[in-house]
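**Student:** Sequence first, predicted model second:
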Amino acid sequence: EHYQWNMDVVGEPGVGAEAELLAAACTLFDRVGLTADLVGIRVNSRKLLDAVLTECGVPSEKFSRVCVVVDKLDKIGPEAVTELLVAEGITVADKILATLSVKSLDELPDSPALEEMKDLFALLDAYGLAAYVDFDASVVRGLAYYTGIVFEAFDRAGEFRAICGGG
């Protein structure tokens, strides 16, 4: 059993609403004394992941299943994720895992989804929240209703599961 604060937005084009969700989470953290040294928010985009998986040769009909498997990366490790991907018929598991380990948007190929992520990080920087947020290509949120920006807040010491998530 675990408790987690979830924040989602539905049907809003652009990344402004996601920036507002992230700002709300950061505001709460700040007001309860959880500084950016203690808590961070890992941010990714399922659209970006879809573009990357497509470039890796993963068929679109496998996207949802790959997301469910990749969402387990922190829990079961890369070897077990590779085994699950291979069991799903994914022959480029190593390439997928390598892509999920990138730490900068600059390491990814250009796409509309990448531009959207850059827009989000520019907004977060303008809000003064850059210290709280990090790009993390491995954050996917396992549920299929997520289609765009996804995020998970965590304690920087790594002692607990995600404390907040959404998209």
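**Tutor:** Received, thanks. Note that the structure is predicted; figures quoted are calculated from it, not measured. Numbers count the residues shown, from 1 in each chain.
**Student:** Residues contacting stretch 126-136, please?
**Tutor:** Applying C-beta atoms under 8 Å, 6 or more residues apart in numbering, the external contacts of stretch 126-136 come out as 19, 22-23, 26, 29, 36, 39-44, 103-105, 117, 121, 124, 151. Every C-beta, even on glycine, is put in place using the N, C-alpha and C of the backbone.
**Student:** can you rerun that using 7 Å?
**Tutor:** Identification of contacts with stretch 126-136 by C-beta atoms under 7 Å, 6 or more residues apart in numbering yields 19, 22-23, 26, 36, 40-44, 104-105, 124.
**Student:** before we move on, what about stretch 78-85?
**Tutor:** 66, 69-70, 72-73, 93, 96-97.
**Student:** Okay, buried residues for that stretch please.
**Tutor:** Neighbour-count burial for stretch 78-85 flags 81-82, 84-85 (criterion: 16 or more other C-beta atoms under 10 Å).
**Student:** roughly how far out does stretch 21-41 sit from the chain middle?
**Tutor:** Chain-centre distance of stretch 21-41: 17 Å, with C-alpha atoms, centre = their mean, to the nearest Å.
**Student:** Identify the farthest-apart pair in the buried residues of stretch 78-85.
**Tutor:** 82 and 84 (7.4 Å; C-beta to C-beta).
**Student:** Contact partners for the closest residue to residue 166 other than its chain neighbours?
**Tutor:** Spatial nearest neighbour of residue 166, excluding adjacent residues (C-beta to C-beta, 6 or more residues apart in numbering): residue 7 at 3.8 Å. Residue 7 makes contact with 21, 24-25, 164, 166 under the criterion C-beta under 7 Å, 6+ apart.
**Student:** just residue 150 next, same as before
**Tutor:** 44-46, 139-141, 167.
**Student:** Of these, which qualify as buried by neighbour count?
**Tutor:** 44-46, 139-141, 167.
**Student:** Of those, which belong to strands?
**Tutor:** 44-45 (DSSP state E).
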